[in-house]
Each structure stands twice: as structure tokens, then as C-alpha cells.
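Colleague: below are the sequence and a predicted model; questions follow.
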Amino acid sequence: MTDKKYRSLDEVETEYFRNNPNEIEAYIGEIFEEYAEVGDTAALLASLRVIAKVKGITKIANQIGLTRQGLQKALSSKGNPRLENINSIMQAIGYQLMPKKIEHHV
């Protein structure tokens, strides 16, 4: 019997986006669209954590005035970051939060 080490989904996604940085923009759009539809904060934070790992947790933390641990905690499944923190994280990875009109809204 061999001892296989299985990678987590986060590890697989992180490796994928490191090798395919041109896919990050579409991914970010998708995770925010999904969040708008289902409101799963933990899933949104997990996805942002993956992108932050690709872009550099320490670098982003320094840019937004958090410690590395503080950023990791904010993006953990139990994190509850303030909107200003999410906005700062998005800016640090090169994006901005923008409203989008709901097409079928009355």
C-alpha cells in the first residue's frame, strides 16, 4: 500500500490559477455572480482566498494594512470581513467592486 497524498481543492485551484493567470478575471466574475445568486459567503471567501494565495497573501496583507494572519482569518470560512476589507482586498488584487443591474428585477 502506498501513502498517496491527496491535494485539497484549494491547492488544486491555486496551482491552476498560478499556471493560468489569464483565467482569474473570469473566475472573479463567476464567484461574485454566484454569491449574488445564492449568498454563500463562505464559498466567496474561499474563492478570494485562492486568488489571494496566487497573488501573494503577505503582499496583499501589507497593501491593505492587515497582518498575514489577519487576512487569512478574514478570508477563512468563519471570516466575517467588513465591506471595506473586501473592497481593499479586491483593489489589492487589481479589481474593484461594481454594482450590476439585475436584468429581471421589477
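Modeller: The structure has been received and is ready for your questions. Numbers count the residues shown, from 1 in each chain.
Colleague: how long is stretch 80-99 from one end to the other?
Modeller: Start-to-end span of stretch 80-99 (Cα to Cα, to the nearest Å) is 21 Å.
Colleague: low-confidence bits of the protein, can you list those?
Modeller: Within the chain, the segments meeting pLDDT under 70 span 1-2, 105-106.
Colleague: tell me, what residue is most central in it?
Modeller: residue 48 (0.4 Å; Cα atoms, centre = their mean).
Colleague: for it, which residues are in contact?
Modeller: By Cβ atoms under 8 Å, 6 or more residues apart in numbering, the residues touching residue 48 are 31, 75, 86, 89. Every residue, glycine included, has its C-beta placed from N, CA and C.
Colleague: show me how to select, in ChimeraX, the buried members of those residues.
Modeller: The buried residues among these can be selected in ChimeraX (16 or more other Cβ atoms under 10 Å) with this line:
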select :31,75,86,89
